[in-house]
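Trainee: Task: produce atomic coordinates for the following.
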Amino acid sequence: MVMEVDSHRCLRMALVLSTLAGTPLRIKKIRERDERPGLRPEEVSLLRLLEKLTNGTIVEINETGTSLRYKPGVIVSGSLRHDCGKGRAIGYFLEPLVLLALFGKRALSITLTGITNDDVDPSVDCFRSVTLPLLREFGVGEDDLQKPLKLQINKRGMRPLGGGEVFFNCPTVKSIKSVRVLDEGMVKRVRGIAYSCNTPPHMTMRMIDGARGVLNKLLADVYIFTDHMNGGKAGASPGYGLALIAESTTGSRMYTEQSCSAKSDDAGDADARAKALPETLGENSAMMLLEEVKRGGYVDSSHQALALTLCALSSQDGISQLRTGPLTPHSVEILRLIQKFLKIKFKIAPEQQSRTLFLSCIGAGIKNLAKGVN
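Mentor: Next comes the predicted model:
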């Protein structure tokens with residue numbers, strides 16, 4: 001049976017679920033009415049990455065790039081290297097990569113090059129500070145101490161030329177454990193990273209001053225690290241940014257980030273130049289964090305889709321329960337894909353007082369057949 005999808009939206013997750021379910025996939029009408037129809041370079045790059053990660057995968061693309069046939073192979077993983085290009089950041093590739101690597105024959109060790117931080121995709125700082133702890137909630141990395149779950153930033157790369165490099169190590173699992181994360185808790189502290197590449201070092205302190213001017217009115221425990229890089233470790237384009245993480249009393253983490261690169265400075269818009277000021281950027285990042293906290297839930301809006309997918313893939317031993325803020329349009333699309341590929345339906349119960357949602361499901365029980373059963 002071939003699963004058909006009539007849109008390029010959520011293409012990454014459709015490929016992931018197709019691979020994990022072992023179901024061939026056909027995606028039609030890929031930007032048929034756009035001025036530039038067909039697959040984008042970053043989507044083609046993702047398909048090449050999946051071919052490296054697996055054995056026996058078959059990809060067929062028509063002449064216009066508006067139709068894709070994908071027959072998944074066996075996830076092998078191992079030691080790899082991949083150039084993510086300049087279209088999308090490395091974070092665009094990390095989310096599907098980690099979901100597949102968990103069920104590989106061998107642990108994954110991969111070096112990814114490209115853009116590390118921008119305002120389009122979750123950054124590598126987000127992945128290291130928020131995504132990895134979320135994966136540990138689902139039991140990832142508990143059994144494998146020799147191949148720990150980690151992400152190491154070797155070089156930073158900003159838009160438009162990139163030049164960043166990260167090393168990602170991901171162990172395999174037998175299955176993903178079900179979780180019950182319903183208590184969002186209260187924010188107890190804020191941590192952050194102010195980074196700059198080939199710009200004056202005082203840029204980081206100006207961003208920190210802007211953020212602390214907002215956050216210290218509400219919370220005393222605010223600490224922001226600095227990461228200033230020059231030369232070979234700073235990539236090919238100058239830029240700077242601020243990533244903030246709000247940690248709660250129950251272990252949940254909310255993440256926001258603002259960045260400015262050489263591409264932003266090229267714009268002649270006065271408002272854009274004002275927003276690119278380090279102090280304004282710090283203030284905006286802090287305000288975005290407060291908005292994220294206000295939305296509520298155990299995970300932030302950028303991690304809703306990943307958390308829901310992990311719940312759907314979890315073991316059938318128990319019920320996975322998750323509390324989120326209002327669902328993003330992307331999360332709604334992911335729920336539809338999960339139902340389509342895995343036949344998993346979530347029960348959704350709203351709480352009027354906090355305006356949060358309680359989602360629960362019995363997972364599909366996806367198992368890693370390459371790992372022995374004790």
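
Trainee: Can you report phi and psi for the closest residue in space to residue 5 that isn't next to it in sequence?
Mentor: Leaving aside its sequence neighbours, residue 5 sits nearest to residue 27 (Cβ to Cβ, 6 or more residues apart in numbering; 4.9 Å). For the C-beta atoms, the positions are set from N, CA and C on the backbone; glycine is no exception. Backbone geometry at residue 27, expressed as degrees, to the nearest 10, gives phi -110, psi 120.

Trainee: Wait, residue 27 touches residue 10, no?
Mentor: No. Judged on Cβ atoms under 8 Å, residue 27 makes no contact with residue 10 at a distance of 10.0 Å.

Trainee: In contact with the residue nearest to residue 5: list those residues for me.
Mentor: When contacts are counted by Cβ atoms under 8 Å, 6 or more residues apart in numbering, residue 27 touches 4-8, 11, 14, 67-68, 70.

Trainee: wait, which of those is closest to residue 184?
Mentor: residue 14 (29.9 Å; Cβ to Cβ).

Trainee: how much space is there between that closest one and residue 4?
Mentor: From residue 14 across to residue 4, the span is 10 Å (Cβ to Cβ, to the nearest Å).

Trainee: now do residue 72
Mentor: Computed as Cβ to Cβ, the residue 72 to residue 4 distance reads 15 Å.

Trainee: So for these two, which sits in the more crowded spot?
Mentor: residue 72 (23 against 11; other Cβ atoms under 10 Å).

Trainee: which residue packs closest to the more buried one, ignoring adjacent ones?
Mentor: Using Cβ to Cβ, 6+ apart and skipping residues adjacent in sequence, the residue nearest residue 72 is residue 19, 4.1 Å away.

Trainee: which sections of the stretch 1-150 of the chain are below the confidence cut-off?
Mentor: Low-confidence segments of the stretch 1-150 of the chain, defined by pLDDT under 70: 143-146.

Trainee: Helices along the stretch 201-350 of the chain, start to end?
Mentor: Along the stretch 201-350 of the chain, the segments classed as helices by DSSP state H, counting those that start in this stretch run 202-215, 262-265, 270-275, 278-295, 304-313, 329-342.

Trainee: Please identify the helix or strand for the residue nearest in space to the middle of the chain.
Mentor: By Cα atoms, centre = their mean, the mean C-alpha position of the chain lies nearest to residue 95, the distance being 4.6 Å. According to DSSP states H and E, residue 95 maps onto helix 91-101.

Trainee: which residues are in contact with that helix?
Mentor: The contact list for helix 91-101 (Cβ under 8 Å, 6+ apart) reads 12-13, 15-16, 19-20, 42, 45-46, 49-50, 53-54, 75, 77, 82, 84, 107-108, 110, 112, 120-124, 126-127, 131, 135, 151, 168, 170, 172, 306, 309-310, 313.

Trainee: That concludes my questions; thank you for your assistance.
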